[in-house]
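Q: Build the 3D model from these lines:
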Amino acid sequence: MNNEPAYYVILSRSDQFDLTGLADLLSRSLCTPRFDVITHLKHSWGLLHKAHMIAKAEELQQKLAQAGIETFILSATELKTVPHPMVLKKAIPEPGGLVFQEEGQNKFLAWNDITLLCAGEVEETIQMKETLPSDGKAMKWMARTGLSVTTAVAIAYERSKKREVTKERTDSSYYLDLIAKGGLKSVRILGNSFDYSYLGGRMGYNALINFKNLALDIAKFLPNVTKNHGMRAMENKTVMRNLKYGGLKNFENEKLWLMQLNP
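A: You can find the predicted model right below:
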């Protein structure tokens, strides 16, 4: 079953990604509950539908075209993969490109080699171990029980020990990815741990302010590259809520879709 062919109907233009409108169209065209379609779109973005027969993919493409939605079809084997990025701890955006160090050597990623710029605030669930204090009432409890001394002491000892529990906490991380064309090196900046010293007097008091400054500094050198909705949100301050992604997979899947739109 895993070797079955698959064909993706892919939205051709990033500016046509309208969650509500696409959900209505796809729900009617596929005879699928609207809630299920919305869930799919939030996860897969412009990879609108996956069909196991080319005829089914072409049928959906025609229905969407009648509504003015431009799409194209790729087989699963034709999908471009997202390159694994190198994480940068420090870099400087200069007029010709991004300057950084790798293995002690200065490296340079030219702006005209960049095909995709993605940025976003990604919500991540972090598991943390926490040690709870011992039960200070254990010895008093032992004195009140009618258990044998040996049994009571053993139970009281277990209750008096410190306990380690695992708790989940939701936090935000800031991601900025520069994807280069033609198999060139692609890089990632993790905003929470990046060295923003190049900002000098423009450095702000928290990671978000500095991350936005960095992202906008880079974006001004890349006016014509494809950008994800998180990057566009930073350039348009009226929709800053769109900077947020519900998880790293959500961020990566939008990037996968946008990869297909670039030659």
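Q: in the chain, what spans have low per-residue confidence?
A: Within the chain, the segments meeting pLDDT under 70 span 1-3, 126-169, 183, 238-240, 263.
Q: Swap in 90 and give it another go.
A: For the chain, the stretches with pLDDT under 90 are 1-5, 14-16, 81-84, 101-108, 123-172, 181-185, 233-244, 246, 262-263.
Q: need the contact list for the closest residue to Leu184 other than its chain neighbours.
A: Residue nearest to Leu184 in three dimensions, not counting chain neighbours: Asp113, with 5.4 Å by CB to CB, 6 or more residues apart in numbering. Every residue, glycine included, has its C-beta placed from N, CA and C. By CB atoms under 8 Å, 6 or more residues apart in numbering, the residues touching Asp113 are Gly97, Ala180, Lys181, Gly182, Leu184.
Q: Keep only those of those that are in strands.
A: Secondary structure from DSSP state E places Gly97, Ala180 of these in strands.
Q: In ChimeraX, select just the buried ones from the contacts of Asp113.
A: To isolate the buried members of the contacts of Asp113 in ChimeraX, using 16 or more other CB atoms under 10 Å:
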select :97,180
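Q: Turn the contacts of Asp113 into JSON lines, columns for distance to Glu121.
A: JSON lines is the format used below for the contacts of Asp113 (distance: CB to CB, whole Å):
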{"residue": "Gly97", "distance to Glu121": "25"}
{"residue": "Ala180", "distance to Glu121": "24"}
{"residue": "Lys181", "distance to Glu121": "26"}
{"residue": "Gly182", "distance to Glu121": "30"}
{"residue": "Leu184", "distance to Glu121": "27"}
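Q: Tell me the one among the contacts of Asp113 nearest to Gln260.
A: Lys181 (13.5 Å; CB to CB).
Q: mind listing the strands for the stretch 151-263 of the chain?
A: In the stretch 151-263 of the chain, the segments counted as strands under DSSP state E, counting those that start in this stretch are 163-180, 187-190, 226-227, 244-245.
Q: ok, which pair from the contacts of Asp113 is furthest apart?
A: Across the contacts of Asp113, no pair lies farther apart than Gly97 and Gly182, at 15.1 Å, counting by CB to CB.
Q: which residues does Gly120 contact?
A: Here Gly120 is in contact with Tyr174, Tyr175, Asn228, Gly230, Met231, Leu243, Lys244, Tyr245, Phe251 (criterion: CB under 8 Å, 6+ apart).
Q: Specify which member of the contacts of Asp113 is nearest to Ser12.
A: Lys181 (18.8 Å).
Q: So Gly204 sits against Asn210, correct?
A: Yes: the pair Gly204 and Asn210 qualifies as a contact (CB atoms under 8 Å) at a distance of 5.2 Å.
Q: neighbour-wise, which of those two wins?
A: Asn210 (20 against 13; other CB atoms under 10 Å).
Q: so what's the more buried one up against?
A: Gly191, Phe194, Tyr196, Leu199, Met203, Gly204.
Q: any chance you could map the helices in the stretch 1-150 of the chain?
A: Counting by DSSP state H, counting those that start in this stretch, the stretch 1-150 of the chain has helices at residues 19-30, 34-44, 54-66, 138-144, 149-160.
Q: can you list the domains in this protein?
A: 7-78, 86-126+168-260, 133-164 (automatic domain parsing).
Q: Quick check on the closest residue to Pro83 other than its chain neighbours: phi, psi?
A: Spatial nearest neighbour of Pro83, chain neighbours left out: Ser186 (4.6 Å); criterion: CB to CB, 6+ apart. Note on Ser186: its backbone torsions stand at phi -110, psi 150 [degrees, to the nearest 10].
Q: my read: Ser186 touches Met86, true?
A: Yes: shown here, Ser186 and Met86 form a contact pair, counting by CB under 8 Å, at 7.2 Å.
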